[in-house]
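Asker: build me a model:
(2 chains)
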Amino acid sequence: MIEVKKKYRSKKAAERISLVVIYAILIAISVVWLIPFFMLIVLSFRGEQVGMSSDYLLPKQWSFNNYIKLFTQTKFLRWYANTMIVSVAVTIVQTIIVLMTSYALSRLRFKMRKPLMNIMLILGMFPGFLSMTAVYFVLKEINLTQNLLGLILVFTASSAMQYYICKGFFDTIPKSLDEAARIDGANRHQIFVKIILPLAKPIIIYTILTAFIAPWGEFMFSSFIMLGDPDKFTVAVGMKSWLDNSTLASEYFTVFCAAAVVVSIPITALFIWLQKYYVEGVTGGSVKG
Amino acid sequence: MKKRLASLFVCVALAVGALAGLTACGGDDSIELTVWGSAAQEQTFMEMAEQFKAANPDKKYKIKFGIGEEDMAYSNVSKDVDAAADVYCYSNDQLVPLLRVGALARIGGGYLDTIKADNSEESVKSGSLAYGTADEKVYGYPFASDNGYFMFYNKGIVSDEQAKTLEGVIKACEDGNKKIGWAIDVPWYTAGWFFAFGGTYSVAYDDKYVETSIDIDFDNENGIKASKAIAKLTQSKAFAGKGTDNNIIATGFTTGQMAVAVTGTWSAQHIKEVLGENYGVCKLPTVTVGEETVQLSSFRGYKLIGVNPHSKNIAEAHKLAAFLSSENMQKVRFEKHMVGPTNKAFAQQISEDETFAALNAQNEFAVEQTSVPSNFWEPLKNYGLNIIDDLLNEDGTGGRIAYGEQLTKMVQLIKGSVSAS
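Answerer: Okay, here's the model as predicted:
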């Protein structure tokens, strides 16, 4: 009897130890993961100016000055608006294109469908910046350099190639639903809007999120196309211009951190807002099986 | 259905076309000019542009400012010379690459006579190749003389007498337990040590500004002496280590851990504020290797305003560039941003300023930073890193590589850009 009791106890103890170890590891990982974000936020409230590096973390003076400076003395608001215009436009156009492409590739059968899908997949594997110079000169021919519209065009031009995740999701929606709808007299367009889209919420959310995030933080194309015009900069290009200058870099470092915090707000907000649907959609789908 | 889609398409296409059309034509008779300059001076540039308009009331100007740091002029302009600014600032080490892509218009006539008369000869020379010969071509309006470096020190730690020699500086800092910020891993600063011991280089170009031959003698006896001198600094416990950039220097003086730094006028304002009465500034120290004592040398650079030959209003662009580099504008830049002038008359006025006195004193021992071999920087940087990491010594014993051997490799790499092309 006693031995058995001991056994139970030791099992409990073993479980507890393994839990402690697991939590210790998890805590360590999350600390490593969160420190950069924590530092960024703390630095953005630092009142004293000591340049980019310092041997202490917590500010000696807390202040809002970096944020005040950010919105009153720099072109940050302008850049923010530019980025927002581009990102929102890209999100709308890209989401529509991706959903339509995926629907066509998932539901319609036409000649060259398979080869087309393969070609798009392979083309999509090349990094976009390989064609940067060529794209630039095409844009120049149609007078769209140093222009936000040009940037939107660049970001949306290859949207259709991102069909595969979305198409995979559409494939899991039973075809019998389409067929039933057709029998009731619905056309392809009605099936897409009234049957497929309501069932595809999670993937629509996913498409919106990825479409928004890509141009939001993009640097290479934006800096190439805007070519030094500070009124057309996006946040990434504008903030980089502070760091390019040795005088500005130390003066603006804390402002840079404040800007980074402000930049991360829409993405965080978007994710928190959409995540509800995202999770709901995924679990809803799995229960129906 | 199909019809509706088709009409939708046409509408979108029309809308895009209309927008593109709108952006294409601005539609009035004012003269549009774009200027690229340092982001730190945007405000100042806009004020100067207003003064330019006021000085030329007979014409209507529309002047736009764009961000293009002087030291990145080539990478910015070469993206698309056609669409780059009409007038832009560049540091003179960018001259040859800019010429290679045809991005600089030649200056002549009255403008050339004026800049020659008003500015120091070295500064005008820095914007040209074959200066003073029949073949002379000048490609820039000089406006800043401060692209060079010298020494800042804390008088509370290092005495004026100690600041004259490297040995004195090292001793003072070791005794005071302070650091010396000297970026040995940045080739721009490393090169001065080689020049001091008599190292030289020269580059010849063909008519397309492609390098045809490179001569460099950093791998002889003098190069070894320079290496020993560098090691003297890097092996001291006072040496601040790798990656000593402007921010680290600024932080070092703020926290009081750094007592000496080799940097330029761009750091002056901050260091002066922090040190107050203890603010010391002078030319670089001398260094003794064996029996020989030499004055450390440095790179001397200028910043110029270039005119883009692709500009649609090239005459007006020259006019603006000349205006932006004039004495009064140099005065404005000095007052607002501590930018050192090239204008002779104005430089005379501020010769009392201790910071610029130090810059001028060092410039006498400095080497002009024009036509540097295109492969110069990377091998020299690695050599500096090797010395900091203590991988080299004089005779190659103790698992280390001999200075001479590594220098030979470095020179081969620098010369490599000719055989490669």
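Asker: only C-alpha atoms for contact and neighbour calcs from this point on.
Answerer: OK.
Asker: just the element for whichever residue of the stretch 251-400 of chain B sits closest to chain A, please.
Answerer: Relative to chain A, the nearest point of the stretch 251-400 of chain B is B:Thr251 (5.2 Å; Cα to the nearest Cα). When elements are assigned from DSSP states H and E, B:Thr251 belongs to helix B:246-255.
Asker: ok now that helix, how far from the chain's centre?
Answerer: Relative to the mean C-alpha coordinate of its chain, helix B:246-255 is positioned 21 Å out (Cα atoms, centre = their mean, to the nearest Å).
Asker: packing partners for it?
Answerer: helix A:246-288, strand B:258-263, helix B:265-275 (3 or more Cα pairs under 8 Å, 6 or more residues apart in numbering or on different chains; DSSP states H and E).
Asker: may I have the last one exported as CSV, CA atoms only?
Answerer: If I follow you right, that is helix B:265-275. Extracted C-alpha coordinates of helix B:265-275, given in CSV (Å, rounded to 0.1, in the frame of the first residue of the first chain):
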residue,chain,number,x,y,z
THR,B,265,32.5,68.8,-37.6
TRP,B,266,29.3,66.8,-37.6
SER,B,267,30.1,65.6,-34.0
ALA,B,268,31.3,69.1,-32.8
GLN,B,269,28.0,70.6,-31.7
HIS,B,270,27.2,67.7,-29.4
ILE,B,271,30.7,67.2,-27.9
LYS,B,272,31.0,70.9,-27.3
GLU,B,273,27.6,71.0,-25.4
VAL,B,274,28.6,68.0,-23.3
LEU,B,275,32.2,69.1,-22.4
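Asker: buried ones in it?
Answerer: By neighbour count with 16 or more other Cα atoms under 10 Å in any protein chain shown, helix B:265-275 contains the buried residues B:265-268, B:270-272, B:274-275.
Asker: how about stretch A:167-182?
Answerer: In stretch A:167-182, counting by 16+ other Cα under 10 Å, buried: A:167, A:169-170, A:173, A:178, A:181.
Asker: what is the nearest of those residues to B:Ile401?
Answerer: Of all the buried residues of stretch A:167-182, B:Ile401 sits closest to A:Lys167, with 60.2 Å by Cα to Cα.
Asker: doesn't A:Ser102 make contact with that closest one?
Answerer: Yes - at 4.5 Å, A:Lys167 counts as touching A:Ser102 under the criterion of Cα atoms under 8 Å.
Asker: the residue lying closest to B:Pro187 once chain neighbours are set aside: helix or strand, and which one exactly?
Answerer: Once flanking residues are discounted, B:Pro187 sits nearest to B:Lys381: 4.8 Å by Cα to Cα, 6 or more residues apart in numbering or on different chains. Element membership for B:Lys381, per DSSP H and E: helix B:377-388.
Asker: elements contacting that helix?
Answerer: Helix B:377-388 packs on helix B:187-196, helix B:221-234, helix B:403-420, going by 3+ Cα pairs under 8 Å, 6+ apart.
Asker: those helices: which one's closest to B:Ser91?
Answerer: Checking these against B:Ser91 by Cα to Cα gives helix B:187-196 as the closest, at 13.5 Å.
Asker: just want the most central residue of chain A.
Answerer: Centroid-nearest residue in chain A, with Cα atoms, centre = their mean: A:Ile213, separated by 2.7 Å.
Asker: show me the shaky parts of the stretch 1-150 of chain A.
Answerer: A:1-9, A:50-55 (pLDDT under 70).
Asker: that one: helices as residue ranges?
Answerer: Using DSSP state H, counting those that start in this stretch, the helices of the stretch 1-150 of chain A run over A:2-44, A:65-72, A:76-107, A:113-125, A:132-141, A:148-157.
Asker: could the helices and strands packed on helix B:246-255 go into a markdown table alongside distance to B:Phe152 and mean pLDDT?
Answerer: Below are the helices and strands packed on helix B:246-255 laid out as a markdown table (distance: least, Cα to Cα, whole Å; pLDDT from 0 to 100):
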| stretch | distance to B:Phe152 | mean pLDDT |
| --- | --- | --- |
| helix A:246-288 | 17 | 77 |
| strand B:258-263 | 5 | 94 |
| helix B:265-275 | 8 | 88 |
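Asker: quick one, which of these is nearest to A:Gly47?
Answerer: So among the helices and strands packed on helix B:246-255, helix A:246-288 is nearest, using Cα to Cα, at 8.5 Å.
Asker: what's the angle between the closest one and helix A:2-44?
Answerer: 140 degrees (axes from the mean of the first three to the mean of the last three Cα atoms, to 10 degrees).
Asker: run the angle between helix A:246-288 and helix A:76-107 for me.
Answerer: Using the same axes, to 10 degrees: helix A:246-288 against helix A:76-107 is 30 degrees.
Asker: ok, helix A:246-288 near chain B or not?
Answerer: Yes - under the criterion of Cα under 8 Å from any Cα of the partner chain, helix A:246-288 makes contact with chain B via A:246-250.
Asker: could you chop chain B up by domain?
Answerer: B:27-139+B:303-341, B:150-299+B:370-420 (automatic domain parsing).
Asker: could you export these as a markdown table, including distance to A:Cys257?
Answerer: Shown next, in a markdown table, are those (distance: least, Cα to Cα, whole Å):
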| stretch | distance to A:Cys257 |
| --- | --- |
| domain B:27-139+B:303-341 | 18 |
| domain B:150-299+B:370-420 | 15 |
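Asker: number of residues surrounding A:Ile85?
Answerer: Neighbourhood size, A:Ile85 [other Cα atoms under 10 Å in any protein chain shown]: 17.
Asker: likewise A:Thr91?
Answerer: 24.
Asker: follow-up on the earlier one: next SSE downstream of the host helix or strand of the residue nearest to the centre of chain A?
Answerer: Using DSSP H and E, A:Ile213 maps to helix A:201-217. Next helix or strand after helix A:201-217 toward the C-terminus (DSSP H and E): helix A:220-226.
Asker: who are the packing partners of that following helix?
Answerer: For helix A:220-226, the helices and strands in contact under the criterion 3+ Cα pairs under 8 Å, 6+ apart are helix A:132-141, helix A:148-157.
Asker: so which of those is the most packed in?
Answerer: Ranked by average neighbour count under the criterion mean count of other Cα atoms under 10 Å in any protein chain shown, the helices and strands packed on helix A:220-226 are headed by helix A:148-157 at a mean of 20.
Asker: how about the CA coordinates for stretch B:317-337, as PDB?
Answerer: What follows is stretch B:317-337 as a C-alpha-only set of coordinates in PDB (Å, rounded to 0.1, in the frame of the first residue of the first chain):
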ATOM      1  CA  ALA B 317      19.900  74.900 -62.900                       C
ATOM      2  CA  HIS B 318      23.400  76.400 -63.100                       C
ATOM      3  CA  LYS B 319      22.000  79.700 -61.900                       C
ATOM      4  CA  LEU B 320      20.500  78.000 -58.800                       C
ATOM      5  CA  ALA B 321      23.600  75.900 -58.100                       C
ATOM      6  CA  ALA B 322      25.800  79.000 -58.200                       C
ATOM      7  CA  PHE B 323      23.400  80.800 -55.900                       C
ATOM      8  CA  LEU B 324      23.300  77.900 -53.400                       C
ATOM      9  CA  SER B 325      27.100  77.800 -53.200                       C
ATOM     10  CA  SER B 326      27.500  81.600 -52.900                       C
ATOM     11  CA  GLU B 327      29.100  83.200 -49.800                       C
ATOM     12  CA  ASN B 328      25.800  84.200 -48.200                       C
ATOM     13  CA  MET B 329      24.400  80.700 -48.500                       C
ATOM     14  CA  GLN B 330      27.600  79.200 -47.000                       C
ATOM     15  CA  LYS B 331      27.100  81.600 -44.100                       C
ATOM     16  CA  VAL B 332      23.600  80.400 -43.600                       C
ATOM     17  CA  ARG B 333      24.700  76.800 -43.600                       C
ATOM     18  CA  PHE B 334      27.500  77.500 -41.200                       C
ATOM     19  CA  GLU B 335      25.200  79.300 -38.800                       C
ATOM     20  CA  LYS B 336      22.500  76.600 -38.900                       C
ATOM     21  CA  HIS B 337      24.400  73.400 -39.400                       C
END
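Asker: which residues sit against it?
Answerer: Identification of contacts with stretch B:317-337 by Cα atoms under 8 Å, 6 or more residues apart in numbering or on different chains yields B:33, B:41, B:44, B:48, B:52, B:86-87, B:111, B:118, B:141-144, B:305-307, B:311, B:339-343, B:345-346.
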